[in-house]
Structure formats: structure tokens, C-alpha cells
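A.B. asks: Next one to model:
(one chain, ligands or ions: 2)
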Amino acid sequence: MNLPAPPSQPHPPLRILLISPFMSYRDRWGQYHEGAGDTFPAGIGAIAGYLESFGHPVALLEPDVVGMDRNDFIAFLRQGDYQLIGISVFTTNVVFAYETARLIREILPDTRILMGGSHPTIFPERTLSESPETDFIIAHEGEKPTLALVRALIAGTDLAEVPNLWYRDGDVIRASLHKGGWLNLDELPIFPYHKFDMSRYTPAPSLRRVLPTFNYMAQRGCPFLCSFCDTSTHGHKVRYRSVEKVLDDLQTLKEQFGIRGVIFEGSNFTINPNFIRRLCQGMLDRKLDLTWYCMGRADLDHDLLPLMKQAGMWAMSFGLESCNPETLQRMQKRLNVQQVKATMQVLSRLRVRTIGSFILGYPGETEKDILNTIEFAVELDLDVAVFFIPVPFPGTKLLRDVQELGGLKPDLQWQDYSAWLDHNHPIYINPLIGTRQVELYNYAFRRFYTRPGYIWKQLRQIRSANDVMRLLQGFKSVRTLIMKGFQALLPKRLMSN
Ligand code: B12
Ligand code: SF4
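C.D. replies: Ligands and ions are numbered 1, 2, ... in the order given. This next block holds a predicted model:
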């Protein structure tokens, strides 16, 4: 649909604030809170940039990142006297988002409260019911609908015209009449990094080699259907920002912020070989000289890798999940162990750092399967391995599966998801493994990170004082898990292949 036309008479602008929920840093990062690194909120940042490009100024805030306590936050709200406050909501922070909405309503009774993000996208109506203080939900990508909402609020036009909006009409919750299409990423202005104190957003040590390194989103959407993942926020259609615009943005970031490194966000950054080739060639032609990292799938075209390395790629991460073919199939991962091994070998030959993440104890797996996967991570000789226990997030096939197969925490509350990183109290315990799953999870970190060969390999890669600092910070983030791993019972049974 077309967006409502801008008001014909100039109206005073709306005072708009977009925030992450009010919560503590510890609540946000759980066991990884030491050395986790920080990622700025790309969602509300992108919406702010878009609204401002249409002349609507926006304030942004992450209360925990700037170290606000409750009183500071209240003072901030009073001072700004905002008319529209948008909160970015994941399932991991939804209980804090509800509390934040309550607090806002108390301090600023007339302010309109809006929620968006992956959680309300899955549950628009339910989120409005559970948070009576919230006036609006915008599902899926927020840029165009939020602009339409701001314009409708200023002009007093019909909310039913705002795409992907859920709103209250008296006691009734209504959905707007229009579904918004996916955003063409070239419609976005360059991400408004200037609106953040970037010195507070230092990426995790495993994701950056040099500083400053900025996160950059060049791609959205995913065509895969992995059973533990919900892709409804950005949809299945893979969209890239055009190569020329990406290169221009990177050049601007070098000139304005002196960036030396980039983290390319986007779960399917490497899915289009043609895009990657042109991007890498462009980076070389423009002599951007950036050290970058990206996420990829292990079934990518190997011919791309030397060019990516030449263009500055120093590390790459992959969701490898498991070495068990049945598990990979159950996960609908469309990946096999041979592809994984081959890709890791090529990267190792090219001396690109490899990061793999694994899910231990997926439904149907036994203790032996977990041990096999841990040994697989070791065998791949990865530089960083991250292990997870399955977390059945809403909207996923995994949740439906465990509801059927058993093991889900009884009386599951949203609150339980906020402790998702506390794997000592998991939401799901695989009935074939029981609580030993937690011990095996802790053991995985110990097994992977305390091998003399691994430590020696990491030490050999040190080239500068900066590398030493990175290694120490990385170690800090997994230290607790390694210590717990020492306490865990050693696996008694031997692995079989
Ligand atoms: C990068 C990323 C991260 C980064 C940074 C997160 C961050 N600070 O933004 C890191 C690595 C830290 C991370 C960690 C985790 N993540 Co994450 N992450 C992503 C990823 C790959 C991209 C997010 C992103 O930057 N998108 C780009 C921006 C532009 O999009 P966006 O944030 O979705 O925002 C848009 C809309 O959501 C909406 N919107 C967002 N906020 C608001 C607010 C308002 C008011 C409105 C109107 C709209 C709106 O409009 C935005 C612009 O279009 C997504 C998957 C994906 N492809 O989206 C998963 C995803 C968000 N992560 C997810 C999860 C589960 C996690 C973790 C729990 C670990 C894990 N298993 O991956 C942790 C939790 C972190 C925490 N402490 O809470 C889930 C969330 C599921 C859910 N139900 O909430 C997702 C959707 C992946 C998935 N499909 O399972 N993540
Ligand atoms: S895990 Fe990655 S590849 Fe799989 S559906 Fe989610 S975003 Fe797509």
C-alpha cells in the first residue's frame, strides 16, 4: 500500500523516543555478562534513521548500556516528555518490556506506547493483551509502518491505514487493514551511528580484531526453515543493500568514524556469491583496507573464500549445530558434516579464524550424541566454539516438537526465557538425557578450551598487545563455564563414531 500522504499543514513534530527495555546488564547477558561485548540495537537504530530521513527527529536510549538506574530512567523520561515511545522486544526481554511500559505509563500518562521486534511479531495480539499499558504493536520490519503511524498520529488519520499495526479501539484489539511489504534496503539512509555513543559498543573479542569495529547490516531475510529459529520478522526473501551503497557507507564510516573493522550482520550474508564477489572486489578497488567478519552457512561456494580473505575477512562464524545426521535432519538444517569439514579445512588453509556454534541435546539425542558433537568441535580445530542447550523459542518447530515429545518446563512463563543464558535452569531438558545435559554443557567448554594444543594454537596467533587483550577478554566470557566444566562429572562412556 501507499503510505498516508504527509500532512499538508506543517504540524509540530512528535517527540519520539525508541528504547530497549529498562533492565540490568546482568539480566541481559546472564552467565556471559563478563566480556560479552555489546551490539547496538540495530532495529530501533534503523527505524530512527528512516524516520529522521523523513524529517521526524527521534531520541534513542539503551538504559543499561548508559548505566541508568531506575531513578535516572524516570528523570530521563520526565525531562524528554515524549509523546510516542517505542520499545524493542525480544522474547528474552519481554517481561522487562512490560515492566518498562508500566513505568512509562506511570510517569507519562498521556504518552503513546508502541512495541515492535521479534516477539510482538509472533504474538501481536497477545502482547497487547498482556501489556495493557501498550497502545500499539507493529509487526515485522518497523521502518515503514512506524513512519506511517507517526504521520497518522500527527494528522489524526485512520490507524487502520497503517500497515502491520495492531491497536486498541476501546476494549477491542484491532489489526490494520494493510499488510506492509518488505523494505528495499536501499531505501534506508546510512545507519545513524552518530546517534549512539559508539565507544560503549565494543563488539565481543571473538568478532573483532581491531578497534573501532562497527556492526553493519547489508542483508535481511532468510529462505531456510531451521526448526529452532523463527524468521517471521524479516521474512524468507533474501534482500541485500546494493553493493555500491554498501561500499559508499563503508567509505563514509572510515572517513567519519575512522573504523578499521566491520562485522557484517545478517544470517545469510554469503548466500549470494555474486553479491559477495562484487563487494569484495569493490573493497579491494577502493582500497578500503578493513578487517572484517561475517556469518555464513557452511555450504557456501569455496571459490569465494580466497577473495573474501584478500578483501580483509579475518574470521567467519557458522551455525554448525551437531555432527549427528539425524539431528541435522530433525533441525531441517540442510547441511551435512562433509560440507562442514570441507569448509573449515579451506578456511584453516587460508588462515581465517573459524567460529562454530553447536546445540547440545536436541530432541531425540542421547548423551553419546552430545559427546560426539563436542569431539566434532574439537576435531574441526575451530578457533572459537560456542555451545547451547536447545531453547524452544516461540514460533519455532522446536517448540512444537518438545510440546509433543516432552521435556519442556511445566508452567513455562516468559520470565523463564529471560534466564535463557542460565543453562543451569534450562527451559527444556531432553528426557533421554535428564539433568546430566547441563553437566555435559559445562563439560563442553572445558573440553574445548583447556586442551594444551588449542591454547598453544591461540598463543601462536598473537601478533600484538591488542591480540593479548582480546584473548583475555574472550577467556573471561567463558571462564565461569570452564570452571563449572571442571566440576562436572567426566563423561564415563567413550565416544563412538
Ligand atoms: C544480530 C543478532 C543478535 C546479536 C545482536 C542483537 C542486537 N542487539 O540487536 C547478538 C549476537 C548479540 C544476539 C544475541 C541473541 N539473539 Co539474536 N539475533 C540477531 C539477528 C541475527 C539479527 C538482528 C538484527 O540486528 N537485525 C537487524 C535489525 C534491523 O532488525 P531487528 O532487530 O529485527 O529490528 C527490526 C524489527 O524487529 C522491528 N523492530 C525492532 N525493534 C522495534 C521496536 C519498535 C518500536 C518497532 C515498531 C519495531 C521494531 O523493526 C526493526 C527494523 O526493521 C536476529 C535474526 C534476524 N535475522 O533478525 C537474531 C534474533 C533477534 N536473536 C534471537 C535470539 C534468540 C538471540 C539470543 C537469545 C541468542 C540466540 N540464540 O541467538 C541472544 C539474546 C540476546 C539478548 N541478550 O537478549 C532471536 C529472537 C527470537 C525471539 N523470539 O525473540 C532472533 C530473531 C533469531 C531467531 N530467529 O531465532 N542476536
Ligand atoms: S538459523 Fe539461520 S539459516 Fe536457519 S532459519 Fe534461522 S536465520 Fe535462517
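A.B. asks: Residue in the stretch 251-400 of the chain with the shortest distance to ligand 2?
C.D. replies: Nearest to ligand 2, among the residues of the stretch 251-400 of the chain, is Ser267, at 3.6 Å (C-beta to the nearest ligand atom). Glycine gets a C-beta too; all of them are placed from N, C-alpha and C.
A.B. asks: That residue against Met295, yeah?
C.D. replies: Yes. With contact defined as C-beta atoms under 8 Å, Ser267 counts as touching Met295 (5.7 Å).
A.B. asks: overlap in contacts of the two?
C.D. replies: Taking C-beta atoms under 8 Å, 6 or more residues apart in numbering as the contact criterion, Ser267 and Met295 have no common neighbours.
A.B. asks: Give me the contact status of whatever helix or strand Glu404 lives in with ligand 1.
C.D. replies: Per DSSP states H and E: Glu404 is located in helix 397-405. No. Residues of helix 397-405 contacting ligand 1 under C-beta under 6 Å from any ligand atom: none, with a closest distance of 9.9 Å.
A.B. asks: for stretch 153-171, same thing?
C.D. replies: No. Using C-beta under 6 Å from any ligand atom, stretch 153-171 stays clear of ligand 1, with a minimum separation of 8.9 Å.
A.B. asks: Which residues does that stretch contact?
C.D. replies: Contacts of stretch 153-171 (C-beta under 8 Å, 6+ apart): 1, 4, 7, 11, 13-14, 83-84, 112, 124-125, 128, 135-140, 144-145, 148-149, 151-152, 173-180.
A.B. asks: list the buried ones in that stretch?
C.D. replies: Using 16 or more other C-beta atoms under 10 Å as the burial criterion, the residues of stretch 153-171 that qualify are 153-154, 159, 161-167.
A.B. asks: near ligand 1, which residues of this protein show up?
C.D. replies: Selection of the chain residues close to ligand 1 by C-beta under 6 Å from any ligand atom yields 18, 28-29, 39, 41-44, 46-47, 86-88, 90-93, 114-119, 138, 141-143, 146, 217, 229-231, 233-234, 265, 267, 393-394, 420.
A.B. asks: repeat that with 5 Å
C.D. replies: 28, 39, 42-43, 46, 86, 88, 90-92, 114, 116-119, 138, 141-142, 146, 229-230, 233, 265, 267, 393 (C-beta under 5 Å from any ligand atom).
A.B. asks: rewinding a little: quick check, the helix holding Glu404 touching ligand 2?
C.D. replies: No. Helix 397-405 stays clear of ligand 2 (C-beta under 5 Å from any ligand atom), getting no nearer than 10.3 Å.
A.B. asks: Summarise which helices and strands the helix or strand following that helix is packed against.
C.D. replies: As assigned by DSSP H and E, the chain's next helix or strand after helix 397-405 is helix 414-418. Counting contacts by 3 or more C-beta pairs under 8 Å, 6 or more residues apart in numbering; DSSP states H and E, helix 414-418 is packed against helix 94-107.
A.B. asks: Mind checking what helix or strand follows the helix it packs on in sequence?
C.D. replies: Next along from helix 94-107, by DSSP H and E: strand 112-116.
A.B. asks: relative to helix 94-107, how tilted is that following strand?
C.D. replies: If you take axes from the mean of the first three to the mean of the last three C-alpha atoms, to 10 degrees, strand 112-116 sits at 170 degrees to helix 94-107.
A.B. asks: for strand 112-116, packing partners?
C.D. replies: strand 84-88, helix 94-107, strand 136-138, helix 143-155.
A.B. asks: what's the average pLDDT for the second one?
C.D. replies: Per-residue pLDDT values over helix 94-107 give a mean of 98.
A.B. asks: Point out the residues in the protein that sit beside ligand 2.
C.D. replies: 222, 224, 226, 229, 267.
A.B. asks: Of those residues, which one scores lowest on pLDDT?
C.D. replies: At the low end of pLDDT for these is Ser267, which has 78.
A.B. asks: Is that one within a helix or a strand, and which one?
C.D. replies: Here Ser267 is assigned to no helix or strand, by DSSP H and E.
A.B. asks: and if you look at Leu17?
C.D. replies: Assigned by DSSP H and E, Leu17 belongs to strand 16-19.
A.B. asks: just the CA coordinates of that strand, formatted as PDB?
C.D. replies: C-alpha atoms of strand 16-19 as PDB (Å, rounded to 0.1, in the frame of the first residue of the first chain):
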ATOM      1  CA  ILE A  16       9.600  10.300  19.800                       C
ATOM      2  CA  LEU A  17      11.800   8.000  21.800                       C
ATOM      3  CA  LEU A  18      12.900   4.500  20.800                       C
ATOM      4  CA  ILE A  19      14.300   2.300  23.500                       C
END
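A.B. asks: List the strands paired with it, with their directions.
C.D. replies: When pairing is defined by DSSP bridges, strand 16-19 lines up against strand 58-61 (parallel), strand 84-88 (parallel).
A.B. asks: Any idea how many residues pack against Lys237?
C.D. replies: Neighbour count of Lys237, defined by other C-beta atoms under 10 Å: 11.
A.B. asks: Quick check: nearest residue in space to it, chain neighbours excluded?
C.D. replies: Spatial nearest neighbour of Lys237, chain neighbours left out: Gly221 (4.8 Å); criterion: C-beta to C-beta, 6 or more residues apart in numbering.
A.B. asks: Could you double-check that the one you found lies in contact with His234?
C.D. replies: Yes. Using C-beta under 8 Å, Gly221 is in contact with His234, at 4.9 Å.
A.B. asks: what do those two both touch?
C.D. replies: Common neighbours of Gly221 and His234 (C-beta under 8 Å, 6+ apart) are Trp182.
A.B. asks: that older thread, nearest to Ser348, of the strands paired with strand 16-19?
C.D. replies: Nearest to Ser348 among those is strand 84-88; the distance by C-beta to C-beta comes to 37.7 Å.
A.B. asks: which other residues reach that closest one?
C.D. replies: Under C-beta under 8 Å, 6+ apart, the answer for strand 84-88 is 14-21, 41, 43-44, 47, 77, 97, 100-101, 104, 108, 111-117, 134, 142, 146, 149-150, 153.
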